[in-house]
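**Q** below are the sequence and a predicted model for it; my questions follow.
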Amino acid sequence: MDTINEHDNAAECRDKLWKLIKGTRFCMFGTQHANGQFHSRPMTTQNRAIDEDDSLWFFMSRRGDAAADFAARPEVNISYANPDDDSYVSISGRAAVVTDPGKVNELWTKMAAAWFPGGQEDPNLILVRVRIAHAHYWDVKESKLRQLYEMGKAVLTGKPPKDLGESGDVVMRG
(Lines give C-alpha, C1' and ligand atoms only; values in the text may rest on other atoms or scores of the structure.)
Protein backbone atom coordinates (compact mmCIF):
# COMPACT_ATOMS: atom_id res chain seq x y z
CA MET A 1 0.00 0.00 0.00
CA ASP A 2 1.24 3.47 -0.87
CA THR A 3 1.27 6.30 1.64
CA ILE A 4 1.75 9.87 0.51
CA ASN A 5 2.33 12.44 3.26
CA GLU A 6 1.91 16.20 3.02
CA HIS A 7 5.50 16.45 4.28
CA ASP A 8 6.66 14.49 1.23
CA ASN A 9 4.91 16.63 -1.36
CA ALA A 10 1.69 18.56 -0.66
CA ALA A 11 1.06 19.24 -4.34
CA GLU A 12 1.41 15.51 -5.13
CA CYS A 13 -1.17 14.73 -2.43
CA ARG A 14 -3.69 17.19 -3.86
CA ASP A 15 -3.04 16.07 -7.45
CA LYS A 16 -3.49 12.38 -6.61
CA LEU A 17 -6.76 12.98 -4.77
CA TRP A 18 -8.14 15.34 -7.39
CA LYS A 19 -7.31 12.88 -10.18
CA LEU A 20 -9.41 10.27 -8.39
CA ILE A 21 -12.42 12.44 -7.48
CA LYS A 22 -12.69 15.13 -10.17
CA GLY A 23 -14.96 13.18 -12.49
CA THR A 24 -17.29 11.98 -9.74
CA ARG A 25 -20.37 14.17 -9.78
CA PHE A 26 -21.71 13.24 -6.35
CA CYS A 27 -20.19 12.13 -3.08
CA MET A 28 -21.68 10.90 0.17
CA PHE A 29 -21.14 13.43 2.96
CA GLY A 30 -21.17 11.63 6.32
CA THR A 31 -21.70 13.11 9.76
CA GLN A 32 -22.41 11.78 13.24
CA HIS A 33 -25.85 12.57 14.65
CA ALA A 34 -26.31 13.63 18.27
CA ASN A 35 -27.67 10.12 19.01
CA GLY A 36 -24.34 8.62 17.87
CA GLN A 37 -25.62 7.23 14.57
CA PHE A 38 -23.81 8.03 11.35
CA HIS A 39 -25.72 9.63 8.50
CA SER A 40 -24.64 10.21 4.92
CA ARG A 41 -26.31 12.22 2.22
CA PRO A 42 -25.44 12.87 -1.42
CA MET A 43 -23.70 16.18 -2.06
CA THR A 44 -21.92 17.84 -4.96
CA THR A 45 -18.34 18.97 -4.50
CA GLN A 46 -18.10 22.56 -5.73
CA ASN A 47 -14.32 22.70 -6.26
CA ARG A 48 -12.71 22.88 -9.65
CA ALA A 49 -9.51 21.60 -7.95
CA ILE A 50 -8.49 20.91 -4.35
CA ASP A 51 -7.62 24.24 -2.76
CA GLU A 52 -4.08 25.04 -1.66
CA ASP A 53 -5.20 24.61 1.96
CA ASP A 54 -6.45 21.07 1.15
CA SER A 55 -10.12 22.02 1.29
CA LEU A 56 -13.22 20.74 -0.40
CA TRP A 57 -16.25 23.03 -0.69
CA PHE A 58 -19.99 22.36 -0.54
CA PHE A 59 -23.22 24.36 -0.58
CA MET A 60 -25.70 23.13 2.03
CA SER A 61 -28.99 23.99 3.62
CA ARG A 62 -28.71 25.89 6.87
CA ARG A 63 -31.77 23.98 8.11
CA GLY A 64 -30.46 20.51 7.18
CA ASP A 65 -29.35 17.79 9.56
CA ALA A 66 -25.81 17.86 8.20
CA ALA A 67 -25.21 21.42 9.38
CA ALA A 68 -26.47 20.63 12.87
CA ASP A 69 -24.43 17.43 12.98
CA PHE A 70 -21.06 18.94 12.11
CA ALA A 71 -21.70 21.99 14.27
CA ALA A 72 -21.64 19.57 17.22
CA ARG A 73 -19.06 17.12 15.82
CA PRO A 74 -16.97 18.68 13.04
CA GLU A 75 -15.27 15.44 11.96
CA VAL A 76 -16.86 14.23 8.72
CA ASN A 77 -16.32 11.56 6.09
CA ILE A 78 -16.72 12.14 2.38
CA SER A 79 -16.87 9.11 0.10
CA TYR A 80 -16.49 9.10 -3.67
CA ALA A 81 -17.24 6.06 -5.83
CA ASN A 82 -16.61 5.91 -9.53
CA PRO A 83 -17.39 2.30 -10.55
CA ASP A 84 -16.88 3.01 -14.26
CA ASP A 85 -13.23 3.87 -13.55
CA ASP A 86 -12.92 1.47 -10.60
CA SER A 87 -11.74 4.24 -8.31
CA TYR A 88 -12.92 4.88 -4.77
CA VAL A 89 -11.88 7.47 -2.19
CA SER A 90 -12.76 7.94 1.47
CA ILE A 91 -11.81 11.31 2.97
CA SER A 92 -11.75 12.27 6.65
CA GLY A 93 -11.72 15.93 7.56
CA ARG A 94 -13.19 18.75 9.61
CA ALA A 95 -16.21 20.69 8.38
CA ALA A 96 -17.00 24.32 9.13
CA VAL A 97 -19.36 26.97 7.83
CA VAL A 98 -17.48 29.78 6.09
CA THR A 99 -18.91 33.24 5.53
CA ASP A 100 -17.23 34.46 2.36
CA PRO A 101 -19.43 36.02 -0.35
CA GLY A 102 -16.44 36.09 -2.73
CA LYS A 103 -15.96 32.31 -2.38
CA VAL A 104 -19.70 31.73 -2.83
CA ASN A 105 -19.56 33.77 -6.04
CA GLU A 106 -16.47 31.89 -7.24
CA LEU A 107 -18.10 28.47 -6.71
CA TRP A 108 -21.69 29.35 -7.70
CA THR A 109 -23.22 27.28 -10.53
CA LYS A 110 -26.61 26.88 -12.20
CA MET A 111 -26.91 23.55 -10.37
CA ALA A 112 -26.58 25.36 -7.03
CA ALA A 113 -29.29 27.79 -8.13
CA ALA A 114 -31.67 24.84 -8.54
CA TRP A 115 -31.34 24.08 -4.81
CA PHE A 116 -31.22 27.67 -3.59
CA PRO A 117 -33.86 29.70 -5.46
CA GLY A 118 -32.84 32.88 -3.61
CA GLY A 119 -29.47 32.68 -5.35
CA GLN A 120 -26.24 33.54 -3.60
CA GLU A 121 -28.19 35.60 -1.08
CA ASP A 122 -30.59 32.76 -0.20
CA PRO A 123 -30.97 32.84 3.62
CA ASN A 124 -30.93 29.03 3.71
CA LEU A 125 -27.56 28.79 1.87
CA ILE A 126 -24.37 28.03 3.77
CA LEU A 127 -20.89 27.48 2.37
CA VAL A 128 -19.13 24.53 3.98
CA ARG A 129 -15.39 23.92 3.87
CA VAL A 130 -13.97 20.49 4.69
CA ARG A 131 -10.26 20.57 5.41
CA ILE A 132 -8.87 17.19 4.44
CA ALA A 133 -6.92 15.36 7.15
CA HIS A 134 -6.62 11.89 5.62
CA ALA A 135 -7.79 9.99 2.58
CA HIS A 136 -7.70 6.37 1.59
CA TYR A 137 -8.08 5.37 -2.05
CA TRP A 138 -8.49 2.29 -4.18
CA ASP A 139 -7.68 2.66 -7.85
CA VAL A 140 -8.06 -0.50 -9.94
CA LYS A 141 -5.98 -0.36 -13.10
CA GLU A 142 -6.78 -3.74 -14.63
CA SER A 143 -9.55 -4.37 -17.17
CA LYS A 144 -12.82 -5.97 -16.07
CA LEU A 145 -11.82 -9.15 -17.92
CA ARG A 146 -8.50 -9.30 -16.03
CA GLN A 147 -10.32 -8.68 -12.73
CA LEU A 148 -12.73 -11.55 -13.41
CA TYR A 149 -9.83 -13.84 -14.33
CA GLU A 150 -7.92 -12.96 -11.14
CA MET A 151 -11.03 -13.44 -8.97
CA GLY A 152 -11.79 -16.78 -10.60
CA LYS A 153 -8.20 -17.86 -10.03
CA ALA A 154 -8.49 -16.79 -6.38
CA VAL A 155 -11.60 -18.91 -5.93
CA LEU A 156 -9.82 -21.94 -7.37
CA THR A 157 -6.52 -21.48 -5.50
CA GLY A 158 -7.88 -20.07 -2.25
CA LYS A 159 -5.38 -17.20 -2.50
CA PRO A 160 -6.67 -13.60 -2.66
CA PRO A 161 -6.18 -11.77 -5.96
CA LYS A 162 -3.07 -9.60 -6.24
CA ASP A 163 -1.99 -6.68 -8.38
CA LEU A 164 -5.44 -5.44 -9.31
CA GLY A 165 -4.51 -1.80 -8.87
CA GLU A 166 -3.30 0.37 -6.10
CA SER A 167 -4.54 1.26 -2.67
CA GLY A 168 -3.04 3.89 -0.50
CA ASP A 169 -3.27 6.62 2.07
CA VAL A 170 -2.86 10.34 1.61
CA VAL A 171 -2.12 12.14 4.86
CA MET A 172 -2.69 15.89 4.63
CA ARG A 173 -2.50 16.78 8.33
CA GLY A 174 -2.21 14.71 11.48
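**A** That came through, no problem. Numbering: from 1, shown residues only.
**Q** now the helices for the chain?
**A** Counting by DSSP state H, the segments of the chain that form helices are 6-21, 65-72, 101-107, 110-115, 144-157.
**Q** now stretch 103-115, how far from the centre of its chain.
**A** Distance of stretch 103-115 from its chain centroid, counting by Cα atoms, centre = their mean, to the nearest Å, is 19 Å.
**Q** what does stretch 21-41 give?
**A** Using Cα atoms, centre = their mean, the offset of stretch 21-41 from its chain centre is 9 Å.
**Q** give me the buried positions along it.
**A** 21, 24, 27, 29-32 (16 or more other Cβ atoms under 10 Å). C-beta: built from backbone N, CA, C; applies to glycine.
**Q** in CSV: those, plus pLDDT and distance to residue 115.
**A** Formatted as CSV, the buried residues of stretch 21-41 follow (pLDDT from 0 to 100; distance: Cβ to Cβ, whole Å):
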residue, pLDDT, distance to residue 115
21, 89, 21
24, 89, 19
27, 96, 15
29, 97, 14
30, 97, 19
31, 97, 18
32, 96, 24
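**Q** residue 128 touches residue 98, doesn't it?
**A** Yes - here residue 128 lies in contact with residue 98, judged by Cβ atoms under 8 Å, at a distance of 7.2 Å.
**Q** any weak-confidence spans in this protein?
**A** Residues of the chain meeting the criterion pLDDT under 70: 1-10, 141-156, 161-168, 173-174.
**Q** in it, spot the strand with the most residues.
**A** Using DSSP state E, we find that the single longest strand of the chain is strand 125-139.
**Q** now that one against helix 65-72, angle please.
**A** 90 degrees (axes from the mean of the first three to the mean of the last three Cα atoms, to 10 degrees).
**Q** can you tell me the centre-most residue of this structure?
**A** residue 78 (4.0 Å; Cα atoms, centre = their mean).
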